[in-house]
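J.: The following comprises the amino acid sequence and a computationally predicted model.
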Amino acid sequence: MKQDILLQTEHLHKSFDNQEVLKDISFSLTGGEVVVIIGPSGCGKSTFLRCLNGLEDIDGGRVIFHGEEISAQKKKMHLIRQKIGMVFQSYDLFPHLTIMENILLAPMKAQGRQKQEIEKEAEELLKRVGLFEKKNAYPRQLSGGQKQRVAIVRSLIMHPDVMLFDEVTAALDPEMVREVLQVLLELAKSGMTMLIVTHEMEFARAVADRILFMDKGIIVEENTPQEFFESPQTERAKQFLNMFHYEA
């Protein structure tokens with residue numbers, strides 16, 4: 001059965017100080033799909049994610065969510081962001097709150113949900129990411145990988161329809177990267193719709209239904225992981241992938 005398009009852009013443009021960072025991006029994401037965006041630093045990947053949930057205003061084109069244009073609905077954006085969750089490089093946990101308090105804050109304040117109901121769900125999510133025993137700890141007592149897993153739980157408890165992940169392992173030590181990527185792999189298996197920006201090529205190949213390769217503000221190439229990594233269609237993609245090959 002063909003899935004419906006959940007999130008899309010039409011001719012998206014974004015500039016900073018007269019420099020066009022995103023140039024005519026048209027893209028769609030269907031329910032249950034995992035799309036990974038890769039490309040060199042500074043090509044517009046993170047800006048693209050931030051435009052999708054209204055953290056950056058766009059200069060042209062449209063962002064459409066569940067068939068409704070959201071790019072012009074600034075007053076409703078705080079509600080829309082609950083359905084388009086985003087996890088960043090930085091964890092942004094409140095240092096004076098316990099892990100459980102960090103997780104409960106947004107659903108109680110923004111959604112008016114009852115503490116008892118959310119607490120049970122939060123405990124289940126913490127078990128899912130292997131952090132149940134840390135629920136009463138403070139962020140300073142956690143490793144970077146653990147904090148990032150908490151940040152993922154904090155987004156999931158809002159019941160988003162789509163999750164955006166922006167280089168969530170970029171600030172982590174190598175041994176902590178795997179534990180976070182494992183959580184994303186499990187989310188993909190569970191059917192979560194995700195758009196992921198990463199430099200982890202093996203992970204991209206393992207998790208993605210589709211790869212988008214961006215450079216200089218445009219989508220240069222789009223393909224299945226197997227086709228993209230084994231038979232890239234553009235010279236620019238070939239050059240980029242060659243950076244990850246080493247010879248003794």
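T.: Cool, the structure landed.

J.: least trustworthy helix or strand in this structure by mean pLDDT?
T.: Lowest by mean pLDDT, DSSP states H and E among the helices and strands of the chain is helix 77-83, with a mean of 87.

J.: Which strands or helices does that one pack on?
T.: helix 99-111 (3 or more C-beta pairs under 8 Å, 6 or more residues apart in numbering; DSSP states H and E). In this view, the C-beta of every residue, glycine as well, is placed from N, C-alpha and C.

J.: so the helix or strand just after the helix it packs on versus helix 99-111, what angle?
T.: Downstream of helix 99-111, the next assigned helix or strand under DSSP states H and E is helix 115-128. Angle, helix 115-128 to helix 99-111, by axes from the mean of the first three to the mean of the last three C-alpha atoms, to 10 degrees: 130 degrees.

J.: Next, the buried residues of stretch 120-129.
T.: Buried residues in stretch 120-129, counted by 16 or more other C-beta atoms under 10 Å: Glu121, Ala122, Leu125, Leu126, Arg128, Val129.

J.: List the neighbours of the least confident helix or strand of the chain that are in contact with it.
T.: Asn53, Gly54, Phe65, Ile70, Gln73, Ala110, Gln111, Met158, His159, Pro160, Asp161, Val162 (C-beta atoms under 8 Å, 6 or more residues apart in numbering).

J.: what residue ranges in the protein are flagged as low confidence?
T.: For the chain, the stretches with pLDDT under 70 are 1-3, 245-248.

J.: Tell me where the chain has strands.
T.: Using DSSP state E, the strands of the chain run over 5-16, 19-30, 34-38, 60-65, 68-69, 84-87, 162-166, 193-197, 210-215, 218-223.

J.: Tell me which of those lies nearest to Gln146.
T.: strand 84-87 (13.9 Å; C-beta to C-beta).

J.: Pairing partners for that closest one, with directions?
T.: strand 162-166 (parallel) (DSSP bridges).

J.: Could you export the partner strand as CSV, CA atoms only?
T.: Output of strand 162-166 as CSV, limited to C-alpha atoms (Å, rounded to 0.1, in the frame of the first residue of the first chain):
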residue,chain,number,x,y,z
VAL,A,162,8.2,13.0,12.2
MET,A,163,11.6,13.1,13.9
LEU,A,164,14.5,15.2,12.6
PHE,A,165,18.0,14.4,13.7
ASP,A,166,20.7,16.9,13.1
